[in-house]
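Student: Generate coordinates for the sequence data below:
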Amino acid sequence: MEKEEKRITKRDNYEALKEIVEKSNVENAEMLVEFINKQIEMIDNKSAKAKEKAAEKRAEIKSVLTNEYQTVDAITAQIEGEDITKAKVVARLTQLVNNGEAVKEQGKSEDNKKVMTYKFAD
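Tutor: Residues are numbered from 1 along each chain as shown. Predicted structure coming up:
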């Protein structure tokens, strides 16, 4: 099995550029390093905000989950907001299942169709 390669990020590229500039004899190296540090800081801030927002969305889904199995449609109906879609709810539920915070099981809907149901992990 091949070892998975680490994906090179924009932040990694800026770090590499910073090393190159610091080792070179460029006339305005200090200004370039300052610019690169600012770009890295902006990337870090954006990442922190994204993680915070994702945690808020997961918490919103968790607030609706119970110890009884519920369908995705039932969970989606309980969450307020115009930007809430079934696909987004399923994505957040999948994250919770992968983290071990929720469990899923195949159940039947009211019209006897097979659907996935979710609840808190025991």
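Student: And the next helix or strand past the top helix by length along the chain?
Tutor: Longest helix in the chain by number of residues (criterion: DSSP state H): helix 29-64. Counting by DSSP states H and E, the next helix or strand C-terminal to helix 29-64 is strand 70-71.
Student: chain center to the longest helix of the chain: distance?
Tutor: Relative to its chain's centre, helix 29-64 lies at 12 Å (C-alpha atoms, centre = their mean, to the nearest Å).
Student: so what secondary structure elements neighbour it?
Tutor: The helices and strands touching helix 29-64, judged by 3 or more C-beta pairs under 8 Å, 6 or more residues apart in numbering; DSSP states H and E, are helix 10-23, helix 72-78, helix 86-98. Quick note: C-beta positions are derived from backbone N, CA and C, even for glycine.
Student: centroid residue for this structure?
Tutor: Residue closest to the average C-alpha location in the chain (C-alpha atoms, centre = their mean): Ala54, at 5.3 Å.
Student: Can you pull out the low-pLDDT segments for this structure?
Tutor: 1-4 (pLDDT under 70).
Student: circling back: in JSON lines, list the helices and strands packed on helix 29-64 along with distance to Asp122 and mean neighbour count.
Tutor: Formatted as JSON lines, the helices and strands packed on helix 29-64 follow (distance: least, C-beta to C-beta, whole Å; neighbours: other C-beta atoms under 10 Å):
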{"stretch": "helix 10-23", "distance to Asp122": "39", "mean neighbour count": "14"}
{"stretch": "helix 72-78", "distance to Asp122": "18", "mean neighbour count": "16"}
{"stretch": "helix 86-98", "distance to Asp122": "13", "mean neighbour count": "16"}
